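Novice: Sequence and predicted structure, then a few things I'm wondering about:
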Amino acid sequence: MGKLKSYQEQLQDIVEKGINAAEDQQKKLASKPFDYAEKLESEAREYSVKTLRKRYNGYSENLFGQLRSLNSRFGSFAAELVAKLEKEAVEGADAVSEAAEDVSEAAQDAKKAVTAKKPAARKTSARKTTAKKNTAATA
């Protein structure tokens, strides 16, 4: 029977060690939320409402300052883009103006050439139209 008693005691020791290990693990796990709560509670005591408001306002000012800076950079970019577009528009308008002047000069040259070759033809056609009008008016 001595051996059975020895096995019983060994078994009880093994179970006791298992219970102790489980208890230690449970205490460690259970203490974590409490540790965090205590830490949060102590930190919350360090900050007054005024301090929290001051920090919040500081963060807000920083955020809106960064947004204003971004808006300023965007405005600079847009101004550069508009300047480039205006420059291209002016260059395009200058090109159109030069082309119009060239066409105008060519038209004037053509007119002079036509006028120099047939000056009498122009006058007779004008007289014929006047005569037609007079005839139509009398009828």
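Specialist: Looks like it arrived, so ask away.

Novice: mind listing the helices for this structure?
Specialist: 2-46, 49-117, 119-138 (DSSP state H).

Novice: Any idea which of these has the lowest pLDDT on average?
Specialist: Least confidently modelled of these is helix 119-138, at a mean of 53 by mean pLDDT.

Novice: what sits against Val31?
Specialist: No Val there; residue 31 is Ser. Contacts for Ser31 (Cβ atoms under 8 Å, 6 or more residues apart in numbering) come out as none. All C-beta atoms are positioned from the backbone trio N, CA, C, and that covers glycine.

Novice: Show the contacting residues for Glu38.
Specialist: Contacts of Glu38 by Cβ under 8 Å, 6+ apart: none found.

Novice: What distance do you get for the residue nearest the centre of the chain to Ser60?
Specialist: In the chain, the centroid-proximal residue (Cα atoms, centre = their mean) is Phe74; its distance is 8.5 Å. Separation of Phe74 from Ser60 (Cβ to Cβ, to the nearest Å): 21 Å.

Novice: Check Lys50 too.
Specialist: For Lys50 relative to Ser60 (Cβ to Cβ), the value is 15 Å.

Novice: try Leu40
Specialist: Leu40 is 23 Å from Ser60, by Cβ to Cβ.

Novice: now do Arg53
Specialist: Taken as Cβ to Cβ, the span from Arg53 to Ser60 is 10 Å.

Novice: cool, and Arg45?
Specialist: Relative to Ser60, and taking Cβ to Cβ, Arg45 is found at 24 Å.

Novice: Gln12 now?
Specialist: 65 Å.

Novice: now Asp35
Specialist: 32 Å.

Novice: same check, this time on Lys112
Specialist: Taking Cβ to Cβ, one finds Lys112 at 77 Å from Ser60.

Novice: mind checking how far stretch 98-106 is from the chain centre?
Specialist: 44 Å (Cα atoms, centre = their mean, to the nearest Å).

Novice: Likewise for stretch 37-53?
Specialist: The mean C-alpha position of stretch 37-53 is separated from the chain mean by 38 Å, Cα atoms, centre = their mean.

Novice: ok, now stretch 19-35?
Specialist: 52 Å.
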